[in-house]
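1. quick one, fold the following:
(one chain, ligands or ions: 1)
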Amino acid sequence: MAERVVVVGAGFAGLETVKRLEKVLRPQLEDGSVEVVLVAPNDYMLYLPLLPQVAAGVITAQSVTVPLPRAVKRAHRLPGTVVGVDLEQKCCVVRKISGEEIDLPYDRLVLAPGSVTRQFDIPGLEEHALGMKNLAQAAYLRDHVLAQLELANAATDDAERAARCRFVVVGGGYAGTETAACLQLLCEAALKRFPRIDPGMVRWTLIDIAPRLMPELGKRLGEQALDILRRRGVEIKLETGVSEVTDESVTFSDGEVVPCRTLVWTAGVTSSPLVKNLGVDLVRGRLKVGADLQVEGHPGVFALGDSAAVPDLTQDDPEAICPPTAQHATRMATTAADNVVASLRGDALTQYKHHDLGLVVDLGGSQAVAHPLNLELKGAPAQVVTRGYHLFALPLMRTRARVVANWILHLFGGDDFIRIGFLADRKATVDEFEGTTSYLSRDEIRARAS
Ligand SMILES: Cc1cc2nc3c(=O)[nH]c(=O)nc-3n(C[C@H](O)[C@H](O)[C@H](O)COP(=O)(O)OP(=O)(O)OC[C@H]3O[C@@H](n4cnc5c(N)ncnc54)[C@H](O)[C@@H]3O)c2cc1C
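-> Predicted coordinates:
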């Protein structure tokens, strides 16, 4: 019987793990002694760092996808979601995209289901916040923002018009900063279609509880990003949180009540509910693993990417864990795949150690800040590095070509500012879009086994 390796999730971590396994285990995959099964709900890997550009209409949704049928050659693909894992019985429960549930036993397991938006116990947040973690959310957000402008343009009541033109983004990390920056430019460009809106009325506010934007950029570059955004008219409120959200307003922790119809929530991520229901130790909401990416107490089970708390061996602090970035997820995949192979062969496992190469942040148009290899860049040079980095990091040549073609088209052709409308009648909560309530509890998993 073939030894089965199950990989959960086809994001940065999962896809790269499968590609590496296909390379290293090619003879075994061909003679049938090993089988690799990739379980993922979508037939593409999503290049998340370009999501704000999808929301802003700079790039089409399809362009930021890496089609799995092209990227995966020898592994078996199972379209579905792993809704539970029985670590004792070594079995995953997979809910196929048809809704049918099946058991999928494994010999080795690689968990790479990424993260979901971290929500807090704030009144109204669950019902009204819009997330920014997948294509549906990016498409929805774009439609929603354009709809607010359209409704504001048609409004007869000044207070309603002002509220619809007010947008709040929570979270000063790269996701929130890029989203606010790109969507503010979208609104600025779209205003020519909405003559009844006074440009001064459209206000974007980016807030964060921390005293600085993107602390990982360093003090100087973080301040430069802040400066660029403020000069463009984005209001930035630091050391401020949200205390209440309704369908007509957001209340900040300093007591300010902002009438608005849009709250984008990017204030951190937490690991997938799948990981939380495993019943094993977590560190800061992520699965506790060793530097060899193996889950403690479960040999042959590996976890990586956003869902795992991987010790950062480049830091002196023994408690340090790698930040949840695409850069780490991609590089961890090599270690994960090599350690799966080593464990199949009975060899020693290797440890993950990677020095951060820096960060790039696209602020829309020709503006960016970048911190590659300890260099500090801003403006056009940073934008060249930022876009070059994304092209380099995109896994397929055809995806790169599509992204470049979109950039050129947008540069010369602009945007038509139309709403796609597919998702207009969907309940737009983070839970709904990210499917966080569809998992089996520990008890349900145990009941299946007995
Ligand atoms: C807007 C935005 C901008 C970002 N910009 C940057 C950036 O500039 N630089 C950077 O380094 N990082 C950036 N990140 C972070 C980066 O995208 C993540 O750290 C990275 O995607 C993590 O990779 P992953 O493989 O762990 O998870 P993901 O890439 O999220 O992949 C997880 C995969 O698992 C699948 N999945 C989930 N649950 C299950 C399940 N139960 N069963 C089967 N499949 C499942 C999902 O469908 C998905 O395909 C950004 C993130 C966002 C949201």
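2. just checking: what are the partner strands of the lengthiest strand in the chain?
-> For the chain, the strand that runs over the most residues, judged by DSSP state E, is strand 76-86. In the sheet, strand 76-86 lines up against strand 34-40 (parallel), strand 91-96 (antiparallel) (DSSP bridges).
3. dump those strands to TSV, plus mean pLDDT and distance to the ligand.
-> Using the backbone N, CA and C atoms, a C-beta is placed for each residue, glycine as well. TSV is the format used below for those (pLDDT from 0 to 100; distance: least, C-beta to the nearest ligand atom, whole Å):
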stretch	mean pLDDT	distance to the ligand
strand 34-40	98	5
strand 91-96	97	8
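4. quick one: check the worst-scoring helix or strand of the chain on mean pLDDT for contact with the ligand.
-> The helix or strand of the chain with the poorest confidence is helix 442-449; it has a mean of 85 (mean pLDDT, DSSP states H and E). No. With C-beta under 6 Å from any ligand atom as the criterion, the ligand is not reached by helix 442-449; the gap is at least 13.1 Å.
5. and that helix, how far out from the chain middle?
-> 30 Å (C-alpha atoms, centre = their mean, to the nearest Å).
6. wait, which of the strands paired with strand 76-86 is closest to residue 370?
-> Among those, the nearest to residue 370 by C-beta to C-beta is strand 34-40 (30.8 Å).
7. and the helix or strand that comes right after the closest one, what's its mean pLDDT?
-> Following strand 34-40 in sequence order, the next helix or strand is strand 44-46 (DSSP states H and E). When pLDDT is averaged over strand 44-46, the result is 97.
8. elements contacting strand 44-46?
-> helix 12-24, strand 65-67, helix 68-71 (3 or more C-beta pairs under 8 Å, 6 or more residues apart in numbering; DSSP states H and E).
9. show me the contact partners of the last one.
-> For helix 68-71, the surrounding residues in contact (C-beta atoms under 8 Å, 6 or more residues apart in numbering) are 10, 15, 19, 38, 40, 42-45, 77, 395-396, 398.
10. report the buried residues of the least confident helix or strand of the chain.
-> residue 445 (16 or more other C-beta atoms under 10 Å).
11. what comes into contact with it?
-> Contacts of helix 442-449 (C-beta under 8 Å, 6+ apart): 84, 85, 86, 88, 89, 91, 93, 103, 277, 279, 440.
12. of those, buried ones?
-> So, by 16+ other C-beta under 10 Å, the buried ones in those are 84, 85, 86, 91, 93, 277, 440.
13. of all those, which two lie farthest apart?
-> 91 and 277 (14.2 Å).
14. re the thing from before, out of the buried ones among the contacts of helix 442-449, who's nearest residue 354?
-> So of the buried ones among the contacts of helix 442-449, ranked by how close each gets to residue 354 (C-beta to C-beta), first place is residue 85, at 26.7 Å.
15. was I right about that closest one contacting residue 91?
-> Yes. Look at residue 85 against residue 91 with C-beta atoms under 8 Å: they come within range, at 7.4 Å.
16. outline the domain layout of this protein.
-> Using automatic domain parsing, the domain ranges for the chain come out as 3-47+67-117+270-351, 119-267+423-445.
17. how far off centre is the first one?
-> The one in question is domain 3-47+67-117+270-351. That offset, for domain 3-47+67-117+270-351, works out to 17 Å (C-alpha atoms, centre = their mean).
18. what about the residue lying farthest from the centre of the chain, helix or strand, and which?
-> Going by C-alpha atoms, centre = their mean, the residue of the chain most distant from its centre is residue 156, 38.3 Å out. Using DSSP H and E, residue 156 sits in no helix or strand.
19. for residue 196, see how far away it is.
-> Distance of residue 156 to residue 196, given as C-beta to C-beta, to the nearest Å: 10 Å.
20. same thing with residue 416?
-> With C-beta to C-beta as the criterion, residue 416 and residue 196 are 19 Å apart.
21. higher neighbour count, these two?
-> Of the pair residue 416 and residue 196, residue 196 is the one with more neighbours under other C-beta atoms under 10 Å, namely 11 against 8.
22. a helix runs through that one, doesn't it?
-> No. Applying DSSP: H, G, I helix; E, B strand; the rest coil, one finds residue 196 to be coil, outside a helix.
23. quick one: pLDDT of it?
-> At residue 196, pLDDT is 95.
24. now, the most widely separated pair of the contacts of helix 442-449?
-> 103 and 279 (18.2 Å).
25. what sits against residue 324?
-> Listed by C-beta under 8 Å, 6+ apart, the contact partners of residue 324 are 115, 269, 286, 305, 306.
26. swap the cut-off to 10 Å and go again
-> For residue 324, the contacting residues are 114-115, 173, 268-271, 284, 286, 305-310, by C-beta atoms under 10 Å, 6 or more residues apart in numbering.
27. which residue does this protein bring closest to the ligand?
-> residue 11 (1.7 Å; C-beta to the nearest ligand atom).
28. correct me, but that residue touches residue 305?
-> Yes. Judged on C-beta atoms under 10 Å, residue 11 makes contact with residue 305 at a distance of 6.5 Å.
29. quick one: which of these two has more around it?
-> The neighbour comparison of residue 11 against residue 305 (other C-beta under 10 Å) goes to residue 305, with 33 against 25.
30. and the pLDDT for that one?
-> At residue 305, pLDDT is 97.
31. up against the ligand, what does the chain have?
-> 8-14, 39-42, 48-49, 51-52, 81-82, 112-114, 132-133, 174-175, 272, 274, 305-307, 324-327, 329.
32. which members of those residues occur in strands, if any?
-> Short answer: the residues of the chain next to the ligand in strands (DSSP E) are 8, 39, 40, 81, 82.
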